[in-house]
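Asks: sharing a model prediction with you, sequence too.
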Amino acid sequence: MKKTVVLLLIAAMVLTPLVGIFIYARMGNESDEDLFANIPQPVIRSNRFLDLRGHNVPLADFTEDGDIFHTFSFDTATQWPDDENMPEPGLPQRLLAQGKYLGLGLNALRQRGITGQGVTVAVIDKPLLKDHEAFGSRLRYIEVGPGDSDGEGLSYHGAHVAGLLAGKDGVAPDATLYYFAVHEGTTPYLQYAEAIHKMLELQDSLPEPDKIRVAVVAQGAENPSTSEGVLELFQAITKAREQGIIVLYPRMSGLAVTGAGCPPHLDRDLPENYEAWTWTRVKRDVAGELRARSADSWEDAVYILKQMLVHEDALDALQAAAIETFIGVAYAFMDYLEFHDWLAMVLDEAEQALAVPVDYITLPNAQDAQGYTYYGSGALSWATGYLAGLAALGVQVKPDVTEGEILELLWDTATPFDGSTRLVNPAGFIDSLAGS
């Protein structure tokens, strides 16, 4: 059990912020003691990475935040101060508009007619707002399990994934989209397996030109395990692949993924304007501070991290999340891994991963049929939607392309980026497929 927990923690530390770490750490804590009860409340001193989604802030003063305003996250429901208390008049609206273009040459591909036209794709995720303008008549909506998508329980996640894949501003804006809305219960693995079986039943009824070729599943499975429903989900994914459907999901083993982002004031088509994922950069900064302060043990690290939460100059929300995450890692790792080995792993992370834009982008949300959210710092789980969109473009130019070929070419055609990572290259990927 403990070995499994450590492996999960290593993956979570690289890929996710605080919540996942705490869940895994609690799994490994065999005592009743709450190790996280004595973590001090962060003292946030910077508006960098401020989250204002759905908030009303008419009395705030952001005039001094012009250099960091693009790191904010907000949506079309956010209520702002008057122009005299903003860095520039209309700045939020401008960022929302700029963030809809996903960059890296996608406009040039659209001008060539490579838009996913004639390709059918599917998303299996929690319910979204099916009337959202980003999807229009191209969306076919199918409920899985009990529930009502018009009620509570709508999820931003599915809207983001579907938006990246086949929204009107997505990678494949002309693809036909089947959306299987999973109303999760006590056995989510089984429910996602049920959704895949529904997709395969539908597949049998579709004429050959309209068959689903690319699917994104919010919950994946690499191998069967003892958790209820994982075997069934694994088998369902395998069956879908056997029927020629390219199936992508977060943290799949075929292609490691990381994030990237281009600040809005720069040309989004130029790879050199992209930065490493905000979470990666902040994680490195915090680990670097531990080294700079000569942390020599897990106990040293926990002490320093707690001090940083309270006393660090210009502490922002993302730094606070990274610090809290590392405290959770310390409590969970100290019996299994040497501190210096862990610190070196964070600072010298050498994983080969494909970087996909998730920062500084605007995505459809689940709050309103015309609602959008701008993210100064995004999440990796959405990246499968972007990659699935590229897969749909690949199917358009080469209808018999396989999943293995797509994953291999996505990596082979990518641009050298940050360390051992590479930045996705849509045009290079398509040109390589078209010439093969």
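Replies: Received the coordinates, thanks.
Asks: quick one: contacts of the helix or strand containing Ile124?
Replies: Taking DSSP states H and E as the definition, one finds Ile124 inside strand 120-125. Residues external to strand 120-125 that are found in contact with it (C-beta atoms under 8 Å, 6 or more residues apart in numbering): 144, 155, 157-158, 161-162, 165-166, 172, 175-182, 192, 195-196, 199, 206, 210-218, 245, 385, 388, 392. (Each C-beta comes from the backbone N, C-alpha and C, glycine too.)
Asks: of these, which belong to helices?
Replies: 157-158, 161-162, 165-166, 192, 195-196, 199, 385, 388, 392 (DSSP state H).
Asks: any chance of a markdown table for the residues you listed, columns pLDDT and neighbour count?
Replies: As requested, those are exported to a markdown table (pLDDT from 0 to 100; neighbours: other C-beta atoms under 10 Å):
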| residue | pLDDT | neighbour count |
| --- | --- | --- |
| His157 | 93 | 16 |
| Gly158 | 94 | 25 |
| Val161 | 96 | 33 |
| Ala162 | 96 | 29 |
| Leu165 | 97 | 31 |
| Ala166 | 97 | 34 |
| Tyr192 | 95 | 27 |
| Ala195 | 96 | 27 |
| Ile196 | 97 | 25 |
| Met199 | 97 | 23 |
| Gly385 | 96 | 30 |
| Ala388 | 97 | 31 |
| Ala392 | 98 | 30 |
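Asks: pipe these into a markdown table and attach distance to Trp279 per row.
Replies: Output for these, formatted as a markdown table (distance: C-beta to C-beta, whole Å):
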| residue | distance to Trp279 |
| --- | --- |
| His157 | 17 |
| Gly158 | 21 |
| Val161 | 18 |
| Ala162 | 23 |
| Leu165 | 22 |
| Ala166 | 26 |
| Tyr192 | 25 |
| Ala195 | 29 |
| Ile196 | 30 |
| Met199 | 32 |
| Gly385 | 18 |
| Ala388 | 22 |
| Ala392 | 27 |
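Asks: out of the residues you listed, which two sit at the greatest distance?
Replies: Between all members of these, the longest pairwise span (C-beta to C-beta) is found for Tyr192 and Ala392 and amounts to 20.8 Å.
Asks: count of neighbours near the closest residue in space to Gly244 that isn't next to it in sequence?
Replies: The shortest distance from Gly244 to any residue that is not its chain neighbour, by C-beta to C-beta, 6 or more residues apart in numbering, is 7.1 Å, and that residue is Arg213. Counted with other C-beta atoms under 10 Å, residues neighbouring Arg213 total 23.
Asks: residue contacts, Arg213?
Replies: Arg213 makes contact with 119-121, 244-246, 391-392, 395, 399 under the criterion C-beta under 8 Å, 6+ apart.
Asks: out of those residues, which end up buried?
Replies: Among those, those scoring as buried are 119-121, 245-246, 391-392, 395 (criterion: 16 or more other C-beta atoms under 10 Å).
Asks: what about Pro146, neighbour count?
Replies: If we define neighbours as other C-beta under 10 Å, then Pro146 has 7 of them.
Asks: now the closest residue to Asp51 other than its chain neighbours: phi and psi?
Replies: When the adjacent residues along the chain are set aside, Asp51 lies closest to Ser73, with 4.8 Å between them (C-beta to C-beta, 6+ apart). Backbone torsions of Ser73, given as degrees, to the nearest 10, read phi -120, psi 130.
Asks: hmm, Ser73 is touching Gly54, no?
Replies: No. Taking contact to mean C-beta atoms under 8 Å, the distance of 10.4 Å between Ser73 and Gly54 leaves them out of contact.
Asks: who has more neighbours, these two?
Replies: Just comparing Ser73 and Gly54: by other C-beta under 10 Å the higher neighbour count belongs to Ser73, 18 against 15.
Asks: so who does Tyr156 touch?
Replies: For Tyr156, counting by C-beta under 8 Å, 6+ apart, the contacting residues are 365-366, 373.
Asks: could you pull out the strands for the stretch 251-400 of the chain?
Replies: Secondary structure of the stretch 251-400 of the chain, counting by DSSP state E, counting those that start in this stretch: strands at 257-261, 275-276, 354-359, 361-364, 372-375.
Asks: surely Leu273 touches Pro264?
Replies: You called it Leu, but residue 273 is Asn. No. Under the criterion of C-beta under 8 Å, Asn273 makes no contact with Pro264, lying 10.4 Å away.
Asks: higher neighbour count, those two?
Replies: Set Asn273 next to Pro264 and count neighbours by other C-beta under 10 Å: Pro264 wins out with 21 against 15.
Asks: what residues are up against that one?
Replies: When contacts are counted by C-beta under 8 Å, 6+ apart, Pro264 is found next to 70, 94-95, 98-99, 360.
Asks: state the pLDDT value of the residue nearest to it when sequence neighbours are not counted.
Replies: Beyond its immediate neighbours in the sequence, the residue positioned closest to Pro264 (C-beta to C-beta, 6+ apart) is Gln98, lying 4.6 Å away. The per-residue pLDDT reported for Gln98 equals 96.
Asks: same question, the one 10 residues further on
Replies: Ala108 carries a pLDDT score of 97 in this model.
Asks: roughly how far does it sit from Asp83?
Replies: As defined by C-beta to C-beta, to the nearest Å, Ala108 lies at a distance of 36 Å from Asp83.
Asks: surely Ala388 and Gly163 touch.
Replies: No. Using C-beta under 8 Å, Ala388 is not in contact with Gly163, being 11.6 Å away.
Asks: and stretch 312-324, what's buried?
Replies: Going by 16+ other C-beta under 10 Å, stretch 312-324 has these buried residues: 312, 315-324.
Asks: next one: it to chain centre, how far?
Replies: For stretch 312-324, the separation from the chain centroid amounts to 21 Å (computed by C-alpha atoms, centre = their mean, to the nearest Å).
Asks: kindly report the same for stretch 221-228.
Replies: That offset, for stretch 221-228, works out to 22 Å (C-alpha atoms, centre = their mean).
Asks: so what touches it?
Replies: Residues lying outside stretch 221-228 but in contact with it, judged by C-beta under 8 Å, 6+ apart, are 187, 189-190, 230-231, 233-235, 237, 252-253.
Asks: quick one: which of those residues sit in helices?
Replies: Reading helices off the contacts of stretch 221-228 with DSSP H, I get 189-190, 230-231, 233-235, 237.
Asks: which of the residues you listed count as buried?
Replies: For the ones in helices among the contacts of stretch 221-228, a burial check counting by 16+ other C-beta under 10 Å picks out 189-190, 230-231, 233-234, 237.
Asks: determine which two of the residues you listed are furthest apart.
Replies: With distances taken as C-beta to C-beta, the most widely separated pair in these is Leu190 and Ile237, at 13.2 Å.
Asks: quick one: the strands in the stretch 1-150 of the chain?
Replies: Taking DSSP E, counting those that start in this stretch to define them, one finds strands in the stretch 1-150 of the chain at 74-75, 120-125, 139-144.
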